[in-house]
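Enquirer: here's a sequence, model it:
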Amino acid sequence: MPYVITCGDEGVQINEGTRLAVMGAGYKLDGFSEVVTILKRLLGNELRIASNQENEWFKSQQDLINWEQVNASVQQHIEALADQEGLLYAGYLPFADPKNLQHEIRGHMVRPQGVHIANKVCFTLAGGEQKYNLGNFVISAEWVSAADPALVKTFIQTQLDFYTTLNHGEKLLLLFEEGGELGAELAAKNKAILEAAGFTA
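Expert: Model (predicted):
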């Protein structure tokens, strides 16, 4: 299955492909370039990236008023980010039936429009999201054992802080997904790094 970087929004569902979840698909997220470099080393250079409807992080970074503005402009910005980072732009995930995107990716948005229902964050440790769960925001952490600890702390904390605001300020339960093609040894290393940085289940 090809890997696709896309938002950790709980509504994003990848039906064909494996999600590497990064808030806002990495748009204006400090450290994203470094994370992409590590992910390419781990998973190969043919990583995809996809945009999605109701991208909350993009809306906040662009200071936009409504979803019409967000949905009209997010695609061009994520496509530009793909060019900048050497990623394959797969397309746009809509609130609709699963859509065939480019580069062997298929997916859509499945949460209620205008509503966030997640109360947990799931860190993927060994090869992206293995099992979809509507109750989770998702954060890719395959890369953390190969990164500077300061980058791990800030890159993860920025995502957690924003997802907490989407949960009305309520603390989010943290979970770990340890399956994936990179194996149990790397998953254990990544989990240990997260826990040392204060991100514990």
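
Enquirer: and the helices in this structure, which stretches?
Expert: 32-43, 56-62, 67-85, 149-166, 184-196 (DSSP state H).

Enquirer: give me the buried positions along the second one.
Expert: Taking 16 or more other Cβ atoms under 10 Å as the neighbour-count basis, helix 56-62 is seen to contain the buried residues 56, 57, 58, 59, 62. Just so you know, the C-beta spots here come from the backbone N, C-alpha and C atoms, and that holds for glycine as well.

Enquirer: name the nearest of the residues you listed relative to residue 111.
Expert: Of all these, the one with the least separation from residue 111 (Cβ to Cβ) is residue 56, at 11.5 Å.

Enquirer: distance of the closest one from residue 39?
Expert: 23 Å (Cβ to Cβ, to the nearest Å).

Enquirer: if we can go back for a sec, to residue 100, which of the helices of the chain lies closest?
Expert: helix 67-85 (15.9 Å).

Enquirer: avg pLDDT for that closest one?
Expert: The average pLDDT within helix 67-85 is 96.

Enquirer: quick check, distance from it to the centre of its chain.
Expert: When C-alpha coordinates are averaged (Cα atoms, centre = their mean, to the nearest Å), helix 67-85 and its chain have centres 15 Å apart.

Enquirer: what helices and strands are in contact with that helix?
Expert: Applying 3 or more Cβ pairs under 8 Å, 6 or more residues apart in numbering; DSSP states H and E, we find helix 67-85 packed against helix 32-43, strand 48-52, helix 56-62, strand 88-93.

Enquirer: quick one, which of these is nearest to residue 188?
Expert: helix 32-43 (15.1 Å).

Enquirer: of all the residues in the closest one, which ones are buried?
Expert: Buried residues in helix 32-43, counted by 16+ other Cβ under 10 Å: 32, 35, 36, 38, 39, 40, 42, 43.

Enquirer: what is the nearest of these to residue 173?
Expert: Distances from residue 173 to the buried residues of helix 32-43, taken by Cβ to Cβ, are shortest for residue 35, at 23.6 Å.

Enquirer: now the closest one: closest residue in space that isn't a chain neighbour?
Expert: Computed as Cβ to Cβ, 6 or more residues apart in numbering, the closest residue to residue 35 that is not its neighbour in sequence is residue 143, at 5.4 Å.

Enquirer: could you dump the helices of the chain into TSV with distance to residue 129 added?
Expert: Rendered in TSV, the data for the helices of the chain read as follows (distance: least, Cβ to Cβ, whole Å):
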stretch	distance to residue 129
helix 32-43	13
helix 56-62	18
helix 67-85	19
helix 149-166	15
helix 184-196	14
